[in-house]
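J.: could you work out the structure for the sequence below:
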Amino acid sequence: MTETQKALVPRPTALELFDGPVTDASLRRYLEGIPGVDAVGLEQRAANLGSRSIKTTSKKWALDKIIELIDLTTLEGADTPGKVRSLVAKAITPDASDSSTPRVAAVCVYGDMVPYAVEALGVHHAKGTDSGINVAAVATAFPSGRASLAIKLSDTADAVDAGADEIDMVIDRGAFLSGRYGQVYDEIVAVKEACRRSDGSYAHLKVILETGELNTYDNVRRASWLAILAGGDFIKTSTGKVAPAATLPVTLSMLEVVRDWHRLTGEKIGVKPAGGIRTSKDAIKYLVTVAETVGEEWLQPHLFRFGASSLLNDVLLQRQKMTTGHYSGADYVTID
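T.: Residues are numbered from 1 along each chain as shown. Now for the predicted structure:
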């Protein structure tokens, strides 16, 4: 078979949409047939949603909801087991002075740090549910994605074997931008299979598009559809290592794809904006955008996340102000 004739392993729903095998050629026809994005209209809708205010009585709910949706993250070359343990301690007890503070959804670390995160979580480890704190691991040669498929799959399998509940993979942006959609699709399918555990269950797969390198909203829309067709459980904006990272218009575009996919198939796909969301004010704009685009039912950890490191501290300071009427000093919250 030629490359364009080679059948790719599909998401079950993809077979129905394509009315037959998913090939590189059929995938290209499908993605390039998606209507283009009205950039002006998209940015205007995002600006309108971002300008909406919420009632003071709703702000406490919003702040708690933001915390519940955070993937508390450390992804630095200098990460150590001790730093990961500190991160987990903060995830479990974000505010030691207020026991009503909710816990975050997950901690996100490099694959080799997963065992330390799992150990530190102990009984608080959710193990893929919403009833505790999950462990997410970046994989597939994060953040660049520049490695052989064998290395990417090994990277993924090692993290899952170590106890990761979620895998945040990066797509090959070079292949995508060159129009090699089948290659990107195939890699996502293979990584999804590498998320399979020995008992037959799967770690959840978040597919990072690195939207800052995709250049256009049209590419963001195509990459979102591609990631979903290939089996991604979440689509994620960014690694946080490339500027711009998450933006409201880009996230809105991705949410619209998720909405359209749900209308088409009945399946719910998650969305994770990551990088650059540092304040409660900004995060609330995303909550409003989610609620207005796909519905409030998406405001749950298994369908929406914030990838963030510093956002939690700002939310904690805002919660404290609502309780006491004044802001605390910088030493009120921990750095890690």
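
J.: return the helix or strand in this protein with minimum mean pLDDT.
T.: strand 7-8 (a mean of 51; mean pLDDT, DSSP states H and E).

J.: now the element after that strand, going C-ward?
T.: For strand 7-8, the succeeding helix or strand toward the C-terminus, using DSSP states H and E, is helix 12-18.

J.: tell me the buried residues in that following helix?
T.: Residues Thr13, Ala14, Leu17, Phe18 are the ones in helix 12-18 that count as buried (16 or more other C-beta atoms under 10 Å). Any C-beta I mention is one placed from the backbone N, CA and C, and that applies to glycine too.

J.: show me what whichever helix or strand comes after that helix is packed up against.
T.: Sequence order places strand 22-23 as the next helix or strand after helix 12-18, per DSSP H and E. Strand 22-23 is packed against strand 7-8, with contacts defined by 3 or more C-beta pairs under 8 Å, 6 or more residues apart in numbering; DSSP states H and E.

J.: rewinding a little: which one of the buried residues of helix 12-18 sits closest to Asp282?
T.: Checking the buried residues of helix 12-18 against Asp282 by C-beta to C-beta gives Thr13 as the nearest, at 33.5 Å.

J.: low-confidence regions, the stretch 1-150 of the chain specifically.
T.: Scanning the stretch 1-150 of the chain with the threshold set as pLDDT under 70 gives 1-10, 15.

J.: swap the cut-off to 80 and go again
T.: For the stretch 1-150 of the chain, the stretches with pLDDT under 80 are 1-16, 18-21, 55-57.

J.: that one: strands as residue ranges?
T.: Counting by DSSP state E, counting those that start in this stretch, the stretch 1-150 of the chain has strands at residues 7-8, 22-23, 70-73, 106-110, 134-138.

J.: with Val189 as the reference, measure out to the closest residue to Leu31 other than its chain neighbours.
T.: With C-beta to C-beta, 6 or more residues apart in numbering as the criterion, Leu31 has its nearest non-adjacent residue at 4.7 Å, and that residue is Arg222. Arg222 sits 17 Å away from Val189, going by C-beta to C-beta, to the nearest Å.

J.: coming back round to it: same list (the strands of the stretch 1-150 of the chain) but as CSV, adding mean neighbour count and distance to Trp61.
T.: What follows is these, written out as CSV (neighbours: other C-beta atoms under 10 Å; distance: least, C-beta to C-beta, whole Å):
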stretch, mean neighbour count, distance to Trp61
strand 7-8, 16, 44
strand 22-23, 22, 42
strand 70-73, 26, 15
strand 106-110, 27, 21
strand 134-138, 28, 23
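
J.: so which of those strands gets nearest Leu316?
T.: Proximity to Leu316 (C-beta to C-beta) singles out strand 70-73 among the strands of the stretch 1-150 of the chain, at 11.0 Å.

J.: paired strands for the closest one, with orientation please.
T.: strand 106-110 (parallel), strand 306-308 (parallel) (DSSP bridges).

J.: give me the contacts around the longest one.
T.: Think strand 106-110. Outside strand 106-110, the residues within contact range by C-beta atoms under 8 Å, 6 or more residues apart in numbering are 70-75, 79, 84, 87-88, 91, 116-117, 121, 126, 133-138, 142, 165-166, 168, 301, 305, 307.

J.: enumerate every residue touching the closest residue to Val104 other than its chain neighbours.
T.: Spatial nearest neighbour of Val104, chain neighbours left out: Ile70 (4.3 Å); criterion: C-beta to C-beta, 6+ apart. Residues near Ile70 by C-beta under 8 Å, 6+ apart: Val104, Ala105, Ala106, Arg305, Phe306, Ala308, Leu311, Leu312.

J.: the same query, at a cut-off of 6 Å, please.
T.: By C-beta atoms under 6 Å, 6 or more residues apart in numbering, the contact set of Ile70 is Val104, Phe306, Ala308, Leu312.

J.: related to what we said a few turns ago, state the phi and psi torsions of the residue nearest to Leu31.
T.: Dihedral pair for Arg222: phi -60, psi -40, per degrees, to the nearest 10.

J.: run a quick neighbour tally on it.
T.: Arg222 has 22 neighbouring residues, counting by other C-beta atoms under 10 Å.

J.: how about the lengthiest helix in the chain: buried residues?
T.: For the chain, the longest helix by residue count, based on DSSP state H, is helix 248-265. Residues of helix 248-265 classed as buried by neighbour count (16+ other C-beta under 10 Å): 248-258, 260-261, 265.

J.: give the other helices and strands that that helix contacts.
T.: helix 39-50, helix 217-230, strand 270-272, helix 280-293 (3 or more C-beta pairs under 6 Å, 6 or more residues apart in numbering; DSSP states H and E).

J.: for Val37, see how far away Thr73 is.
T.: In terms of C-beta to C-beta, Thr73 sits 29 Å off from Val37.

J.: go on, Phe234?
T.: Here the criterion is C-beta to C-beta. By it, Phe234 lies 21 Å from Val37.

J.: likewise for Thr80?
T.: Thr80 is 42 Å from Val37, by C-beta to C-beta.

J.: ok, back up a step: make CSV out of the buried residues of helix 248-265 and add distance to Asp24 and pLDDT.
T.: Below are the buried residues of helix 248-265 laid out as CSV (distance: C-beta to C-beta, whole Å; pLDDT from 0 to 100):
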residue, distance to Asp24, pLDDT
Leu248, 33, 98
Pro249, 30, 98
Val250, 26, 98
Thr251, 29, 98
Leu252, 30, 98
Ser253, 25, 98
Met254, 24, 98
Leu255, 28, 98
Glu256, 26, 98
Val257, 21, 98
Val258, 24, 98
Asp260, 23, 97
Trp261, 21, 96
Thr265, 22, 92
